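In: below: sequence and its predicted model.
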Protein chains: 4
Amino acid sequence: VGNEIKPEKSVVDVGGVTFGGDRFAVIAGPCSVETREQILETARAVKRAGAGLLRGGAFKPRTSPYSFQGLAEEGLKLLMEAREETGLPIVTEVMNPRDIELVLNCADLLQIGARNMQNFPLLKEIGQTRKPVMLKRGMMATMEELLMSAEYIASEGNREIILCERGIRTFEKYTRNTFDVSAIPVLQSFTHLPVIADPSHGVGIRRFVPAMARAAVAAGADGLMIEVHTDPENAYSDGAQSMLPDEFETMMGELGAYVKLEGKHF
Amino acid sequence: VGNEIKPEKSVVDVGGVTFGGDRFAVIAGPCSVETREQILETARAVKRAGAGLLRGGAFKPRTSPYSFQGLAEEGLKLLMEAREETGLPIVTEVMNPRDIELVLNCADLLQIGARNMQNFPLLKEIGQTRKPVMLKRGMMATMEELLMSAEYIASEGNREIILCERGIRTFEKYTRNTFDVSAIPVLQSFTHLPVIADPSHGVGIRRFVPAMARAAVAAGADGLMIEVHTDPENAYSDGAQSMLPDEFETMMGELGAYVKLEGKHF
Amino acid sequence: VGNEIKPEKSVVDVGGVTFGGDRFAVIAGPCSVETREQILETARAVKRAGAGLLRGGAFKPRTSPYSFQGLAEEGLKLLMEAREETGLPIVTEVMNPRDIELVLNCADLLQIGARNMQNFPLLKEIGQTRKPVMLKRGMMATMEELLMSAEYIASEGNREIILCERGIRTFEKYTRNTFDVSAIPVLQSFTHLPVIADPSHGVGIRRFVPAMARAAVAAGADGLMIEVHTDPENAYSDGAQSMLPDEFETMMGELGAYVKLEGKHF
Amino acid sequence: VGNEIKPEKSVVDVGGVTFGGDRFAVIAGPCSVETREQILETARAVKRAGAGLLRGGAFKPRTSPYSFQGLAEEGLKLLMEAREETGLPIVTEVMNPRDIELVLNCADLLQIGARNMQNFPLLKEIGQTRKPVMLKRGMMATMEELLMSAEYIASEGNREIILCERGIRTFEKYTRNTFDVSAIPVLQSFTHLPVIADPSHGVGIRRFVPAMARAAVAAGADGLMIEVHTDPENAYSDGAQSMLPDEFETMMGELGAYVKLEGKHF
């Protein structure tokens, strides 16, 4: 995936939305798909605000086995319904090689989460598909390791890869993670793959997401992933970092000028 | 897995060798199974030196897809041959849910590696077996997260779990990881499960393994896992931290007195 | 220094240049004052490019006692000469309580470096002066600790304090530090003090400084500190992260639009 | 301070107690000197339990300026009174170059705390004395940096240096720091200086101090520093990690066998 082999930047097309070209793509939606009403309402709201893709987790990697684990197949169906209504391509995570086929039928962009960045059997099997994939940096992975994990996918034949910085684990306790904005230009200096950023996980606190989203744009990100929930207080997961649809819309409005300065458009 | 539910310590029996009781169990062997001669020779040597179990990787999680990935099924067969000759129970890693059945047929103790500590689908499927399992702490995982991952296995019905401290990732660059010896007594204060330590990965430098093995014993570990290779210079993986059989034998000799001070025996 | 006591933002005036108001202040110059020619040439160049203040170290905290330790009093004199010629206020570090008086006579803004963020006797003595002071975040310090260190200065009576994020130490090895851009809005949410950023130390690699400078502006920084050297290859310290005057000028040109978006001007 | 220059181990004599030879020296006492009764009572208790030196802070580096800052000169006098009664040499911290002369008159061993490991003016001035000095590793300092800081002292002429591992800052939240036991043998492989360990700060939780003290002995430490307080619940600082005199005495009793295994004696 090094740019010494392919100097020109790759453009990854996800259901008509492109990453890595002139367009600045924003993925938005809830951490987890919870109910039909929740995902449909959120899908409409983020579309209205200018998001290009809808995210929503059906298979959730949770620290505790006693936490909500996601709606699984039922969640995938609800995502497809949201796509049908809004036209937004779907981004959703796959954790288990045994679920790849199921998720392939629903997702427009497969997400490999931070905890699975070095799940090599999963990477290899996804490498054998031709579905676009977003690979998130592990919370304690060096940039070099992220690139090597992308290489696992690419070496099996799938080059439709988007990298995502989402914060690393440090000693700082106030923010959920330390959002490594420098990873954006550094990764871009090594690879031709698009690099996006997830400030929601990066800081983990709703009110700092807009500032970090602006920082990611200004550092040259090719897109963003933002958690949006219609009722964050009662979210099954990640409520503290999820924005209300109104807040997201305001942020998108402010981001436009920064995106334009980078020579891109939504 | 908390000891508020089961105060008395659990004893896990692996092919006749016990972890968590009076016996101090030592797992030794190469990082990877490389050749028939290598694994048989090492098995004989570590047995002679007093090891209770043989380790050897057949499926290897490597940072780069271009590094040696393990002999897979062929490696498992060689491990079974080594067990047949020496009588040592076998410890080997499983990374892919699809390989569990294959590995179950060979291993006496399934290893879940640091990179898979939060591979929840893998934990759940192994939880549905009744095979003893050693769960290594992720290099980025808090002790609480390690305990929650053990809970994933236990909540599916498999209580035959051994925890393993193997070093965490920090800013210090000289050692490969920072071997968190304090995790041994801290984990034991929360859980009834046996806790062992892997000083080979903990420091990553051969000549410091004996001192760290002594430290782990003195901190109350229930066992050790040590990498031993007949020709570390030419090892396919982890050569810098693998001890020669002679060095391992010397270390085992010295460890005896420390193990005895803890009221245990090999 | 909390904004629950003083909600309105503080404006710190340094020789006519303000931090915390409408103006976006840029401090630029070499890591160390090395020669008369070097500092004068650099001062002219950064002034031409739009910098508002000149930095230069006369007392240098170096890891090794055998590295260049700075020109001390001679360095201070050269800085004063540069100020006389260019009119740029001077920013320079003080490490030793015994040197405060000497440095007070030269500096317009005292710098307390990352290694001295918790040098409490130094903080207290500087708190007893009325000279503006820039306090850099320690490479191991939480944001809360940085605020408490500012409190050491303020509680002695000196409220002319500017905070500076300069990167923290993490496991990532490619960048010199991990530049914690999120510290900018998070600190601003707690304190009324101006918060600036030092991307040169934050990433430690010249070619990534412009992207990280833009990110800091977009995250809401009140100013920047940038290392500039006329001959980075032969710099006595920090050459790898020092920009050439031309590069700095180009960066300043590009930054203008971002500064304007934040409602500020150089 | 490298052992390529002086291969044989240095022995540092502190008021008749030696570090680095056959003797295993234990420094014990409270974090802070609080009252006459407290320090005298503690001094008697730790002496009875077998400690060789008394610690107690008179100048305290506290995160907040509003926390107890130590009794200063009054504290030094109380320490001298305790020495007179018990005969135990005194270990106490100096933070400010301006206080060196004062502390020199009281202390038998100067302590440079973790926050001052890179306070280079302080290191240089202490290097110009001939008083034994204990240099603690910074909470985010590499071992190489610790050795370079020792070099600052040695290069000024003072070779009576003892290094102290006291835990580093990591992402793990349960323990106060991560006690890097591996630093003991690693540092000893580079330097001829004695290396001791401070498990009280290393883990920060009283009940884990004995296990970590044993680990440090088994890893080859040349001594220990342990916080002991007659009333930890009401300690002005570090109560959670301070042992009661009884607990300390029990621990010392158990440690004897481990010290003997290392070929040393109290």
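Out: That came through fine. Numbers count the residues shown, from 1 in each chain, chains lettered A, B, ... in the order given.
In: secondary structure class for the residue nearest to the spatial centre of chain A?
Out: Nearest to the mean C-alpha position of chain A, by Cα atoms, centre = their mean, lies residue A:225 at 4.6 Å. Three-state call for residue A:225 (DSSP: H, G, I helix; E, B strand; the rest coil): strand.
In: next one: residue A:240
Out: Here residue A:240 is helix, with the state taken from three-state DSSP.
In: distance of it relative to residue A:21?
Out: 34 Å (Cβ to Cβ, to the nearest Å). To be clear about C-beta, it is placed using only N, CA and C from the backbone, and glycine gets the same treatment.
In: ok, now residue A:49?
Out: 22 Å.
In: and the stretch 51-200 of chain A, which residues reach chain D?
Out: By the rule Cβ under 8 Å from any Cβ of the partner chain, the part of the stretch 51-200 of chain A lying against chain D is A:140, A:169, A:170, A:171, A:173.
In: what sits against the last one?
Out: So the one you mean is residue A:173. C:142, D:173 (Cβ atoms under 8 Å, 6 or more residues apart in numbering or on different chains).
In: how about 10 Å then?
Out: C:142, C:143, C:144, D:171, D:173 (Cβ atoms under 10 Å, 6 or more residues apart in numbering or on different chains).
In: likewise for the first one?
Out: Residue A:140 sits next to A:114, A:117, A:168-170, B:138-141, B:168-170, C:170-172, D:171 when contact means Cβ under 10 Å, 6+ apart.
In: which single one of the residues you listed is nearest to residue B:30?
Out: Minimum distance to residue B:30 across the contacts of residue A:140 is 20.7 Å, recorded for residue B:139 (Cβ to Cβ).
In: hmm, the closest one is touching residue B:145, no?
Out: No - between residue B:139 and residue B:145 there is no contact under Cβ atoms under 10 Å: 11.6 Å.
In: more neighbours: which of those two?
Out: Using other Cβ atoms under 10 Å in any protein chain shown, the more surrounded residue of residue B:139 and residue B:145 is residue B:139, with 22 against 17.
In: pLDDT score assigned to the more buried one?
Out: Per-residue pLDDT puts residue B:139 at 96.
In: what's the closest non-adjacent residue to it?
Out: Nearest non-adjacent residue to residue B:139, counting by Cβ to Cβ, 6 or more residues apart in numbering or on different chains: residue B:169, 4.5 Å away.
In: do the same with residue A:177
Out: residue A:167 (2.8 Å).
In: residues contacting the one you found?
Out: Residues in contact with residue A:167 (Cβ under 10 Å, 6+ apart) are A:114, A:136-137, A:139, A:175-181, A:183, A:197-204, A:212, C:182.
In: can you tell me which of those are in helices?
Out: A:183, A:199, A:200, A:201, A:202, A:203, A:212 (DSSP state H).
In: identify, from these, the entry nearest to residue C:4.
Out: residue A:203 (21.4 Å).
In: pretty sure the closest one contacts residue A:212?
Out: Yes - counting by Cβ under 10 Å, residue A:203 does reach residue A:212; the two are 5.5 Å apart.
In: which intervals of chain A have sub-threshold pLDDT?
Out: Scanning chain A for pLDDT under 70 picks out no residues.
In: how about the helices of it, start to end?
Out: Under DSSP H, chain A gives helices at A:36-49, A:73-86, A:100-104, A:120-127, A:143-154, A:183-190, A:199-203, A:209-218, A:245-261.
In: show me what the first one is packed against.
Out: Helices and strands touching helix A:36-49, by 3 or more Cβ pairs under 10 Å, 6 or more residues apart in numbering or on different chains; DSSP states H and E, are strand A:25-29, strand A:53-55, helix A:73-86, helix A:245-261.
In: need these in a markdown table with mean neighbour count, can you?
Out: Formatted as a markdown table, the helices and strands packed on helix A:36-49 follow (neighbours: other Cβ atoms under 10 Å in any protein chain shown):
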| stretch | mean neighbour count |
| --- | --- |
| strand A:25-29 | 28 |
| strand A:53-55 | 27 |
| helix A:73-86 | 18 |
| helix A:245-261 | 17 |
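In: out of the ones you listed, which is closest to residue B:265?
Out: Checking the helices and strands packed on helix A:36-49 against residue B:265 by Cβ to Cβ gives helix A:73-86 as the closest, at 52.5 Å.
In: touching chain B at all, that closest one?
Out: No - contact of helix A:73-86 with chain B (Cβ under 10 Å from any Cβ of the partner chain) is absent, the minimum separation being 14.5 Å.
In: export that helix as PDB, just CAs?
Out: Taking Å, rounded to 0.1, in the frame of the first residue of the first chain, the C-alpha atoms of helix A:73-86 are listed here in PDB:
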ATOM      1  CA  GLU A  73     -28.800  -9.800  11.400                       C
ATOM      2  CA  GLU A  74     -31.900  -7.800  12.400                       C
ATOM      3  CA  GLY A  75     -29.600  -4.700  12.600                       C
ATOM      4  CA  LEU A  76     -28.400  -5.300   9.100                       C
ATOM      5  CA  LYS A  77     -31.900  -5.400   7.800                       C
ATOM      6  CA  LEU A  78     -32.700  -2.100   9.400                       C
ATOM      7  CA  LEU A  79     -29.700  -0.600   7.900                       C
ATOM      8  CA  MET A  80     -30.800  -1.800   4.400                       C
ATOM      9  CA  GLU A  81     -34.200  -0.300   5.000                       C
ATOM     10  CA  ALA A  82     -32.500   3.000   5.900                       C
ATOM     11  CA  ARG A  83     -30.500   2.900   2.800                       C
ATOM     12  CA  GLU A  84     -33.500   2.200   0.700                       C
ATOM     13  CA  GLU A  85     -35.300   5.200   2.100                       C
ATOM     14  CA  THR A  86     -32.400   7.700   2.100                       C
END
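In: next, the angle strand A:25-29 makes with it.
Out: Note on geometry: by axes from the mean of the first three to the mean of the last three Cα atoms, to 10 degrees, helix A:73-86 and strand A:25-29 are set 130 degrees apart in direction.
In: can you check what angle separates helix A:73-86 from helix A:36-49?
Out: Going by the same axes, to 10 degrees, helix A:73-86 makes 40 degrees with helix A:36-49.
In: from the contact counts, what lies against helix A:73-86?
Out: Under the contact criterion of 3+ Cβ pairs under 10 Å, 6+ apart, helix A:73-86 touches helix A:36-49, strand A:53-55, strand A:90-93, helix A:100-104.
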